[in-house]
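Q: How does the following fold in three dimensions:
(2 chains)
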There are 2 protein chains.
Amino acid sequence: MAKPISFNIEKRVSDRLGRAGVINTPNGSIQTPAFVTVGTKATVKALTPEQVSELGAQVVLANTYHLYLEPGDDVLVEGGGLHKYMNWSGPTMTDSGGFQAFSLGAAFDKGVGKLIKSKDVEDERDGRKEISTDIKKLPLAKVTEDGVEFRSHIDGSKHFFTPEKSIEIQHNIGADMIFAFDECTSPTASYEYQKEAMDRTHRWAGRCLEYHKKSKNSEKQGLFGIVQGGRYEDLRKESARTIASMDFDGFGIGGSFNKEDMESAVRWVNEMLPEDKPRHLLGIGEPSDLFGGVLSGADLFDCVAPTRMARNGTLHTLDGRINITNARFARDHSSIDDSCTCYTCRNYTRSYVSHLFRAGEMLGATLASIHNLHFIVKLVADMRQAILEKDLPAFRESFEGKYYGGRC
Amino acid sequence: MAKPISFNIEKRVSDRLGRAGVINTPNGSIQTPAFVTVGTKATVKALTPEQVSELGAQVVLANTYHLYLEPGDDVLVEGGGLHKYMNWSGPTMTDSGGFQAFSLGAAFDKGVGKLIKSKDVEDERDGRKEISTDIKKLPLAKVTEDGVEFRSHIDGSKHFFTPEKSIEIQHNIGADMIFAFDECTSPTASYEYQKEAMDRTHRWAGRCLEYHKKSKNSEKQGLFGIVQGGRYEDLRKESARTIASMDFDGFGIGGSFNKEDMESAVRWVNEMLPEDKPRHLLGIGEPSDLFGGVLSGADLFDCVAPTRMARNGTLHTLDGRINITNARFARDHSSIDDSCTCYTCRNYTRSYVSHLFRAGEMLGATLASIHNLHFIVKLVADMRQAILEKDLPAFRESFEGKYYGGRC
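A: Prediction:
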């Protein structure tokens, strides 16, 4: 039986782990390294699928926790699955729901008290550190060997995710690539807790894989195992060794580490993972981190930052970030970034986008999201090109010199 | 010197005033009758210009009052004018700013006290009746022979629109078709006040025309005079006769009448207006009113209702309106309207659009706006086709029978 996901390496970065390749999925191929656009609730916020495709995105990641609660994975089954429901014909992924169950699920142990407004809630892996710290303090969700008990952030209703339940929901949603259920820990958690959570994540990984392999869905959906282990070299390596030994179609690298530890942690992991399967570094979207991740052997990245920043008017340019709502842009009739070829920069000025934001017009969020996603998707695509042309470190130096202007 | 606007009649409705024709503008032609999409602040809310064009819209109307305050007509001059600024290459119109100065301009005589939030403010000609009644009560703006004094709804700053100022601003904005400055009265105003305001509107029309003709802009922008006169037959006819005698490129028919008076008032006017110039019935978007307007000889219509309703989840179908946020649509996997060919209906289900609204996702407003605008634009285009095929009254009966189901 053919595997649903295959991966071919085209070129390697000499002396580093980085590689350019192609992931083949039942709904098309992905040229890697690639940035995965986040479509939390089966929609990339403020964009049509055509706009997502036109900006260069190859793959969309939706969130299992959100879709399970709203509209419900049963509704997605009736609607023909994620691709058809959201009108996206390219490759798709879902995460396991674990991260959101931990971070968004309202305080189970403390009663429902304060419910978060559903409109404002969104997966923010970048915020994992802060949120996880809060989890340790409160605690927000109840973890047992069997799974995670949590309350919906929408209506306070009680739910229980087990590894099997997570895979069942992801089968219902029907993305091409799905993730094993894992426990997200805080980077400030003790070594002992990190190890305990990691061991549990490994047992859950085994249960996910067993459940998945028994299903016909394993013929059309690839399951990625997640490596955890925080910032500890021995735990990261042990986790990579354990997860690598299982018959996953690809790997996720959980983001529970401090920013300064990220690159080395990813390197420890990728030195041990098999080369012939794709690796997804979860929740990373900052340019310098993307360079670090690519050079350390990660193939896929996802993050809500580009679209969330865009909705706040913060836009990427090659010279760094600008906030378009700033008064100095009201009469600036140049494009957001002169060298940018996105739909927004081809057709609109800083003045116009600035006007839309000030006037509270929705088109502002759309144009800004197109620009920011195009910027990050293209940046990672340019890293791929630089690998093919053997000058990724030089490209990094040149890009970061301009973008951070000595600030990074 | 060639006129910027020309109009050719292709076919007339026998025994009625209705006609199918073509308006030629410097930025393309408009097949009439046609529904004009409203782009209040140089953007059709929640849509890109490509989406507006793809749904079948031929022309966009922006609001002078809004653009004067934000971003400022001087910014539009710098930005190359309305077409370039908002990236719409087809025909455009601006209204005179009079209606908003009267209805949105904050209470000048009473001090600024309560400012309206700019985000929520939008031209709503449909609400003219109620707003105008309030104006009479409060009063919100100060009318003199010279013009209208008002305060910005955004920051309370004081402004004065004269007929000349309105045309100057509209020259700066640069739309293909612009309107003379008029006073909007309440349909409940006395005969005496309607006459007084009408006479003033006629004097203002003369001043607008004189100012416009002296400018080089008259070579590329057509000026439409506005007929007022409320619900009184003699005033409507006097206004039509007066405005018709002036050298305008087209005509607007002001909407200060009760719904039940509308059709006859439009008929009185159009029986007197010259046949060879286009007529725009201002602020009309309800299907039965559009039929009435077309049969009474109006060529163009505009209204914010289709997009405003859309953002509230109220959607047109051939069987009447539905609200997509209703629980019964959560598992309805059919399209919004089975017979509809719009982008939304071709690609998404009621369930998905319903999910987007419940989840507070912006794409919901986009998909709903595309559908509603397509519905109304196509309805008026179908009226045109029915005129060409000589069966408009039959089409009206068939459409209204289904749409209103005996409720109209």
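Q: who's in contact with the closest residue to A:Glu164 other than its chain neighbours?
A: Nearest non-adjacent residue to A:Glu164, counting by C-beta to C-beta, 6 or more residues apart in numbering or on different chains: A:Tyr211, 4.6 Å away. Glycine gets a C-beta too; all of them are placed from N, C-alpha and C. Contacts were defined as C-beta atoms under 8 Å, 6 or more residues apart in numbering or on different chains; by that measure A:Tyr211 touches A:Pro163, A:Glu164, A:Ile167, A:Glu168.
Q: What's the first helix or strand after the helix or strand containing A:Tyr211?
A: Element membership for A:Tyr211 (DSSP states H and E) is helix A:191-213. Next helix or strand after helix A:191-213 toward the C-terminus (DSSP H and E): strand A:222-227.
Q: what comes into contact with that following strand?
A: Counting by C-beta under 8 Å, 6+ apart, A:3-5, A:25, A:96, A:167, A:176-180, A:182, A:201, A:205, A:208-209, A:212, A:236, A:239-240, A:243, A:246, A:248-254, A:269, A:273, A:278, A:280, A:282 sit against strand A:222-227.
Q: What about those, which are in strands?
A: Judged by DSSP state E, these include A:Thr25, A:Met177, A:Ile178, A:Phe179, A:Gly250, A:Phe251, A:Gly252, A:Ile253, A:His280 as members of strands.
Q: residues in contact with A:Leu282?
A: Neighbour list for A:Leu282: A:Asp95, A:Arg125, A:Ile226, A:Gly252, A:Ile253, A:Gly254, A:Gly255, A:Asp302 [criterion: C-beta under 8 Å, 6+ apart].
Q: Throw those residues into TSV and include distance to B:Lys45, thanks.
A: Output for the contacts of A:Leu282, formatted as TSV (distance: C-beta to C-beta, whole Å):
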residue	distance to B:Lys45
A:Asp95	33
A:Arg125	32
A:Ile226	42
A:Gly252	39
A:Ile253	41
A:Gly254	41
A:Gly255	37
A:Asp302	30
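Q: what's the lowest-pLDDT member of those residues?
A: On pLDDT alone, A:Arg125 ranks lowest of these, at 37.
Q: What does A:Ala378 show for phi and psi?
A: Not Ala; residue A:378 is Lys. The phi/psi pair for A:Lys378 (degrees, to the nearest 10) reads phi -70, psi -40.
Q: Which one of the contacts of A:Leu282 is nearest to A:Ala368?
A: Nearest to A:Ala368, judged by C-beta to C-beta, of the contacts of A:Leu282 is A:Asp302 at 18.9 Å.
Q: Give the residue farthest from the middle of chain A.
A: Centroid-distance maximum for chain A: A:Arg331 at 36.0 Å, with C-alpha atoms, centre = their mean.
Q: Show me where the stretch 301-408 of chain A has its helices.
A: With helices called from DSSP state H, counting those that start in this stretch, the stretch 301-408 of chain A shows them at A:305-311, A:343-347, A:350-358, A:362-388, A:392-404.
Q: and chain A, what are its domains?
A: Listed by automatic domain parsing, the domain ranges of chain A are A:6-104+A:162-303, A:310-398.
Q: Which stretch among these is buried most, on average?
A: For these, the largest average neighbour count (mean count of other C-beta atoms under 10 Å in any protein chain shown) is found in domain A:6-104+A:162-303, namely a mean of 22.
Q: End to end on it, go ahead and measure it.
A: 23 Å (C-alpha to C-alpha, to the nearest Å).
Q: list the contacts for the closest residue in space to A:Gly56 that isn't next to it in sequence?
A: Of all residues not flanking A:Gly56 in the chain, A:Val377 sits nearest, at 4.6 Å (C-beta to C-beta, 6+ apart). Applying C-beta under 8 Å, 6+ apart to A:Val377 gives the contacts A:Ala34, A:Phe35, A:Thr37, A:Leu55, A:Gly56, A:Ala57, A:Gln58.
Q: Dump these to TSV, plus secondary structure and pLDDT.
A: Below are those laid out as TSV (DSSP: H, G, I helix; E, B strand; the rest coil; pLDDT from 0 to 100):
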residue	secondary structure	pLDDT
A:Ala34	strand	98
A:Phe35	strand	98
A:Thr37	strand	98
A:Leu55	coil	98
A:Gly56	coil	98
A:Ala57	coil	98
A:Gln58	coil	98
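Q: what sits against A:Phe161?
A: Going by C-beta under 8 Å, 6+ apart, A:Phe161 touches A:Gly97, A:Gly98, A:Ala101, A:Gly147, A:Val148, A:Phe150, A:Phe181.
Q: low-confidence ranges in the stretch 101-250 of chain A?
A: Filtered on pLDDT under 70, the stretch 101-250 of chain A yields the residue ranges A:105-140.
Q: can you rerun that using 80?
A: Within the stretch 101-250 of chain A, the segments meeting pLDDT under 80 span A:102-141, A:186-188.
Q: Next to chain B, which bits of chain A? Give me the list.
A: Contacts of chain A with chain B, taken as C-beta under 8 Å from any C-beta of the partner chain, map to A:41-43, A:45-48, A:51, A:66, A:70-71, A:75, A:78-80, A:85-87, A:118-119, A:330-331, A:333, A:347-349, A:351-352, A:354-356, A:358-363, A:365-366.
Q: Which ones among the residues you listed map onto strands?
A: Judged by DSSP E, strands contain none of these.
Q: circling back to that earlier point, mind checking which of the contacts of A:Tyr211 land in helices?
A: A:Pro163, A:Glu164, A:Ile167, A:Glu168 (DSSP state H).
Q: circling back to that earlier point, save the ones in strands among the contacts of strand A:222-227 as a markdown table, and put in distance to B:Glu10 too.
A: Formatted as a markdown table, the ones in strands among the contacts of strand A:222-227 follow (distance: C-beta to C-beta, whole Å):
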| residue | distance to B:Glu10 |
| --- | --- |
| A:Thr25 | 53 |
| A:Met177 | 56 |
| A:Ile178 | 58 |
| A:Phe179 | 61 |
| A:Gly250 | 62 |
| A:Phe251 | 66 |
| A:Gly252 | 63 |
| A:Ile253 | 66 |
| A:His280 | 60 |
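Q: Nearest to chain B among the ones in helices among the contacts of A:Tyr211?
A: Relative to chain B, the closest of the ones in helices among the contacts of A:Tyr211 is A:Glu168; by C-beta to the nearest C-beta it sits at 19.5 Å.
Q: Find the nearest non-adjacent residue to the residue in the stretch 201-350 of chain A that chain B sits nearest to, please.
A: Of all residues in the stretch 201-350 of chain A, A:Asn347 sits closest to chain B, at 4.5 Å by C-beta to the nearest C-beta. Nearest residue to A:Asn347, sequence neighbours excluded (C-beta to C-beta, 6+ apart): B:Asn87, at 4.5 Å.
Q: A:Asn217 too?
A: A:His171 (4.4 Å).
Q: my guess is A:His66 contacts A:Lys41, does it?
A: Yes - A:His66 is within contact range of A:Lys41, at 4.9 Å (criterion: C-beta atoms under 8 Å).
Q: Please enumerate the shared neighbours of the two.
A: In the contact map built from C-beta under 8 Å, 6+ apart, the residues linked to both A:His66 and A:Lys41 are B:Ala359.
Q: quick one: which of the contacts of A:Tyr211 is nearest A:His371?
A: Ranked by distance to A:His371 (C-beta to C-beta), those are led by A:Ile167 at 36.4 Å.
Q: residues in contact with the closest one?
A: Contact analysis of A:Ile167 by C-beta under 8 Å, 6+ apart lists A:Ile178, A:Ala180, A:Phe181, A:Cys208, A:Tyr211, A:His212, A:Ser215, A:Leu223.
Q: again, but for A:Phe248
A: By C-beta under 8 Å, 6+ apart, the contact set of A:Phe248 is A:Ala180, A:Ala205, A:Leu209, A:Leu223, A:Phe224, A:Gly225, A:Lys277.
Q: Thanks a lot, see you next time.
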